[in-house]
Structure formats: C-alpha cells, structure tokens
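Trainee: starting from these lines, generate the structure:
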Amino acid sequence: SDIGINDHHQETIINYLRFARYNRGQCLRSVDACFEEYKDSHVVEDTYTLEEVLEMLESLQSVVRGEVESELINTAHTNVLLLRQVFSQAEKWYLNLQADISELENRELIEEIAKFEEREFSAKKSVSQTSASSKLAQKTKLVPLSDGSGSALLQMKITHVTRKKLAATCDFENIDKEVKSAIIQNCLSKRLRRYALLDSEVTLAKILAKGRAFELSESQVQISVNTSPINMVIDTGASIDIIDELAFNTLQKQRPIALQRSKTQLAQTPRRIPFHMRQKVSDALDTLEN
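Mentor: Take a look at the predicted model:
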C-alpha cells in the first residue's frame, strides 16, 4: 500500500480523491465564470480612470470571495459527513476512534498525499513509481504470536463485543438459547443451574417453570400476631413435615402460669337481667329444661 492502509481502504481514499478533484474542477469553473460574466457586464469601455478600475476590482473581489468561501464551506461539511460515516461504523462495534488534528498541517505528509494523487490519476501511471520509503507507507510490524493464548484472548474479546452488540439491538437468532445460556452462566441458584445442565434439550419455558417452583418452595411469608413475628413456610408438597420438630416438641409441654399470691382474688358480681329481656330468658330456660 502506498499510504499505509490496506487495499480496500486505499480504494476508498482513491474514490474520495476522485470526488474531490471533480469538486475542485467545478469550483475553478465557477471562478472562471465569475470573471467572464463580470468582464462581459462591466468592461465595455476602451479606457477607464483609476477610480473606476479600483471600483471594478473591489466588486470583482467581492464576487470571487463569496464563490470561494461557499466552496470551502461545502468542502468542510462534506469532510464531516465522511468522518460521520466512519465513526458510525466504528460505534456499531463499540470502538472509539481518535484523530490527530496536528497531522493535517504536516507539510511532508501533505506532499506525500499530493504525490499519491498524482501517481493514481496520472495518464502514465506505473507500478514502479511506488515509493517504498514513503512515511505514510511505513507501518509498525507486529511480532507474530508464538502460542495460541493471544488468539484465544482475541476470540474471547470478539465474542464479548458481539454479545454486547446483540444485547444492545436484541437481534438474536435464537432468543431462548441465549437466555438459557445466560441462566446457566449467571444464575445464583445452584439447583436451577444443575437442572438446566442435566438435560441439554430442556426448553426455556420448563426452566422458568422450575425456577418459579423453586422460588415458591423456598419463600417465607412474614406475618405477625399481637406484634409477635411468625414465620410461615409455604409447603409445595415436597415433604410431609407440616410443622418443624421444634414446634412439635413445644406443643407437648405444659407451661405453668404463675399467679401473684399477694393479690386478693375477686369474683365479679352477677349482673341483673334487664327487665325487657327477662321473659325471653325465662322462655329459653324452660326450653332447655324440657
């Protein structure tokens, strides 16, 4: 490669140079047209005074300046669109590209690009004209890897980036397979991971159903009676132990109720039956006696 990039990218550079040469030619034609139009519309006399000449030059300068400024602005915006395409392709793979703006003022590199353009678009282009000593063509050669660790690490990185891209776009070929793999790799429940690994043909629906069953069997509901917390275990039928051993042994014991001996025990005086209820109570007692 003449400018230090692969053949595919170099072909893209050549296409851009061809596009830039066309725009440059159009700009020069516009400037020539400005001069011709101004000459036909203003230069109609044989002689002019100094003031008239200065006035025509200032007017011509304004016209040409506006035309050139418009073309330069258009060129800058075109370059921004080109950079945007490159950056968009890099961002799809989560890459952040960097550009050294200071190299845009490097005269040696600019001359190298000019020579490259001249060679590419010259009518007498020859392969022998390629300069092997070009600074743009100088590349840093990497030492080949002696073992497969580097390639394995690179493959892992590519897989990681690919999965991040798929996760961002949700463009999976088999969503159930990807979710199942994520459950096997990242699930905190050993029982669920073991269940998913034992059967390679188990479906995602069965894994989710089994996970819900495990969750229900292991969940505990916290309730309180008279501000005292009580743990209730939801039994799915996996065992026949309705209550635990501690609760069963506690039910068999009698707890004595300690009474305060210093207090006098009092019996409540029976209340008198209200007058309007006496007949009903008497009838109820007669019914019970009979």
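Trainee: contacts, neighbours, all on C-alpha from now
Mentor: OK.
Trainee: quick one, helices of the stretch 51-200 of the chain?
Mentor: Assigned helices in the stretch 51-200 of the chain, in chain order: 107-121, 149-169, 175-186, 190-198 (criterion: DSSP state H, counting those that start in this stretch).
Trainee: these: lowest mean pLDDT?
Mentor: Across the helices of the stretch 51-200 of the chain, helix 149-169 has the smallest mean pLDDT, namely a mean of 66.
Trainee: quick one, strands of the chain?
Mentor: 220-225, 228-233 (DSSP state E).
Trainee: so what's the model's average confidence on the first one?
Mentor: Think strand 220-225. Strand 220-225 comes out at a mean pLDDT of 50.
Trainee: mind listing what's buried along stretch 53-66?
Mentor: Counting neighbours by 16 or more other C-alpha atoms under 10 Å, one finds that the buried residues in stretch 53-66 are 56, 60, 64.
Trainee: ok, for the last one, nearest residue in space, not its chain neighbours?
Mentor: It stands for residue 64. Of all residues not flanking residue 64 in the chain, residue 31 sits nearest, at 6.3 Å (C-alpha to C-alpha, 6 or more residues apart in numbering).
Trainee: just checking, the one you found touches residue 67?
Mentor: Yes - between residue 31 and residue 67 there is a contact under C-alpha atoms under 8 Å: 7.0 Å.
Trainee: domains in the chain, by residue range?
Mentor: 7-99, 171-218 (the TED database).
Trainee: least reliable of those going by mean pLDDT?
Mentor: domain 171-218 (a mean of 73).
Trainee: can you lay out the buried residues of stretch 53-66 as JSON lines showing distance to residue 75?
Mentor: Listed next are the buried residues of stretch 53-66 as JSON lines, based on distance: C-alpha to C-alpha, whole Å:
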{"residue": "56", "distance to residue 75": "29"}
{"residue": "60", "distance to residue 75": "23"}
{"residue": "64", "distance to residue 75": "17"}
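Trainee: which of these lies closest to residue 4?
Mentor: Among the buried residues of stretch 53-66, residue 64 lies closest to residue 4 (C-alpha to C-alpha), at 38.0 Å.
Trainee: pretty sure that closest one contacts residue 33?
Mentor: No - taking contacts as C-alpha under 8 Å, residue 64 lies outside contact range of residue 33: 9.9 Å.
Trainee: against residue 279, how distant is residue 287?
Mentor: Residue 287 sits 12 Å away from residue 279, going by C-alpha to C-alpha, to the nearest Å.
Trainee: next one: residue 74
Mentor: Using C-alpha to C-alpha, we find residue 74 at a distance of 111 Å from residue 279.
Trainee: cool, and residue 247?
Mentor: For residue 247, the distance to residue 279 - C-alpha to C-alpha - is 50 Å.
Trainee: the two: which is more packed in?
Mentor: Legend: neighbour count by other C-alpha atoms under 10 Å for residue 247 and residue 279, higher for residue 279 (12 against 9).
Trainee: distance of the more buried one relative to residue 187?
Mentor: Distance check for residue 279 against residue 187: by C-alpha to C-alpha, it reads 74 Å.
Trainee: over to residue 36?
Mentor: Counting by C-alpha to C-alpha, the gap from residue 36 to residue 187 is 78 Å.
Trainee: now residue 57
Mentor: 80 Å.
Trainee: quick one: contacts for residue 111?
Mentor: Taking C-alpha atoms under 8 Å, 6 or more residues apart in numbering, we find residue 111 in contact with no residue.
Trainee: how much space between it and residue 78?
Mentor: Distance from residue 111 to residue 78, by C-alpha to C-alpha: 22 Å.
Trainee: what does residue 112 give?
Mentor: From residue 112 to residue 78 the distance is 22 Å (C-alpha to C-alpha).
Trainee: tell me the mean pLDDT over stretch 250-258?
Mentor: When pLDDT is averaged along stretch 250-258, the result is 72.
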